[in-house]
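**Q** need coordinates for the below:
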Amino acid sequence: MSDALPRRGVATLARPRVYGWAVAGLALAAFPFYLDRFWLQAGLFAMAAAIGAIGINLLTGATGQLSMGHAFFLAVGAYGYCAFAGDGKDDLTGLGLPGWLAAVLAVALAGLAGGVFSPIAGRLRGAYLGIATLALIFIGQHVLFNAHDLTGGFNGRAVPPLSLFGITFDDSELLVAQVPFGSAEKLWYLGLVLLLASALFARGVLRGRPGRAMNAIRDHRIAAGVMGIPVARYRAAVFVLSSMYAGLAGVLLALVFQRTVPEYFGMILSLEYLAMIVIGGLGSVAGAVIGGVFVSLLPQLLNRYSDTLPLVSAPGTGGIAPGEAARYLYGAAVVAVVLFLPGGLVRLAARKPKRTAQPSHSSGEER
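**A** Got it, this is the predicted structure:
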């Protein structure tokens, strides 16, 4: 009898959350039927950013390893997909593989690149690892701009469309309930599936034994080693996993952009991913998603509504460009979160009103 009341309380609290997730899922599934291309593309950019943010949050938020080279692994995923799926008709390197296989190999290639760097990641920590990974950005930018046969040089290269289960994710129309589905509409559901799978896998890692070991390494490295945790091995493995998440985000970005441009995968992109996890919440999958959505959507919204916002205007017309204004805003958000909300925006959703304690009843004598 005494356990019935707490269990009922937990069930009562869980029901609104389940209903909320169900409503959110139905709304996301219905968006392609009602939203125009701009909002769908903005949502896809947010999904790709959230996937990449989950990866770096596993490394930085959960394990305490600072990485400044996340953009490098996004570039490996994006250009790896183009090289594997390209047919070579544009005089650029292409193996002509099926799109789904090219995507899998691109993610594996990003993981392999992370594995090559993982011995360094396993032995360095803090600012030292940040400086070491910063070198990846400079190396990557040099290769992207100069390996013309592979990357297309400064102008980049076109991205081959993905084909999966007989559906080609390009601008060819697919009628669903008399609604024409183009590339953005079709990619929307693919992005939702990839984001959900990425979030669930990361959540399982953090809630299991690996997650406890990662948190122990983050909180006290020496104590974790004394307890028998192979610190260097875990650091290296998480770095590889984070690289694969970045590679998957790069593939999705390439499919949405439909063209890869070397300039995009620079240091600013890596800094934006660090801002995502700080704003959303370090060490939290939900925080990574919230931060990724916030940082990726902000410049696009400012760009769309630049005509009606004060001080913000289109590039080259005076005033502050939307991209620059967005960096000011999420830079200020980082400072505000660090000062006033150390747990990130996810802590706002996690806060619950205090409940008055219920007296416990026992079937025996009162003690």
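
**Q** count of neighbours near residue 19?
**A** Using other Cβ atoms under 10 Å, residue 19 has 10 other residues around it. Heads up, the C-betas are built off the backbone N, CA and C, glycines and all.

**Q** now it, what's its secondary structure?
**A** helix (DSSP: H, G, I helix; E, B strand; the rest coil).

**Q** now it: how far from residue 293?
**A** 21 Å (Cβ to Cβ, to the nearest Å).

**Q** let me see the mean pLDDT of the strand or helix carrying residue 234.
**A** Per DSSP states H and E: residue 234 is located in helix 231-257. The predicted model assigns helix 231-257 a mean pLDDT of 94.

**Q** buried set for that helix?
**A** 231, 234-257 (16 or more other Cβ atoms under 10 Å).

**Q** just the helices in this structure please.
**A** In the chain, the helices defined using DSSP state H lie at 4-34, 37-56, 70-85, 99-123, 127-146, 148-151, 183-207, 209-219, 221-226, 231-257, 267-280, 285-304, 322-340, 346-350.

**Q** contacting residues around the nearest residue to residue 210 once chain neighbours are set aside?
**A** Distance criterion Cβ to Cβ, 6 or more residues apart in numbering; nearest residue to residue 210, sequence neighbours excluded, is residue 234 at 7.4 Å. Counting by Cβ atoms under 8 Å, 6 or more residues apart in numbering, residue 234 touches 63, 210, 213-214, 217.

**Q** residue 312: which of those is nearest?
**A** Distances from residue 312 to the contacts of residue 234, taken as Cβ to Cβ, are shortest for residue 63 (37.7 Å).

**Q** burial count for the closest one?
**A** There are 28 residues near residue 63, going by other Cβ under 10 Å.

**Q** OK, contacts around it?
**A** So residue 63 contacts 214, 217-218, 234-235, 238 (Cβ under 8 Å, 6+ apart).

**Q** swap the cut-off to 6 Å and go again
**A** Taking Cβ atoms under 6 Å, 6 or more residues apart in numbering, we find residue 63 in contact with 214, 217-218, 238.

**Q** need the pLDDT of the residue nearest to it when sequence neighbours are not counted.
**A** Spatial nearest neighbour of residue 63, chain neighbours left out: residue 214 (4.5 Å); criterion: Cβ to Cβ, 6+ apart. On the pLDDT scale, residue 214 is placed at 91.

**Q** touching, residue 214 and residue 61? I think so.
**A** No. Look at residue 214 against residue 61 with Cβ atoms under 6 Å: they stay out of range, at 9.4 Å.

**Q** ok, back up a step: most neighbours, which of the contacts of residue 234?
**A** Top of the contacts of residue 234 by neighbour count (other Cβ under 10 Å): residue 63, with 28 neighbours.

**Q** tell me how far that residue lies from residue 242.
**A** For residue 63 relative to residue 242 (Cβ to Cβ), the value is 9 Å.

**Q** quick check: closest non-adjacent residue to residue 247.
**A** Closest to residue 247 by Cβ to Cβ, 6+ apart is residue 110, at 2.5 Å.

**Q** what of residue 55?
**A** Here the residue nearest residue 55, using Cβ to Cβ, 6+ apart, is residue 245, at 2.5 Å.

**Q** so who does residue 289 touch?
**A** Contacts of residue 289 (Cβ under 6 Å, 6+ apart): residue 50.

**Q** residue 243 reaches residue 109, doesn't it?
**A** No. Assessed by Cβ under 6 Å, residue 243 is found out of contact with residue 109, at 9.5 Å.

**Q** tell me how far residue 111 lies from residue 58.
**A** 13 Å.

**Q** repeat that for residue 110.
**A** Distance from residue 110 to residue 58, by Cβ to Cβ: 14 Å.

**Q** these two: which is more packed in?
**A** Comparing residue 110 with residue 58 by other Cβ under 10 Å, the one with more neighbours is residue 110, at 31 against 26.

**Q** so who does the more buried one touch?
**A** Residue 110 neighbours (Cβ under 6 Å, 6+ apart): 73, 76-77, 243-244, 246-247.

**Q** what number of residues lie near residue 208?
**A** Residue 208: 10 neighbours (other Cβ under 10 Å).

**Q** now do residue 37
**A** 11.
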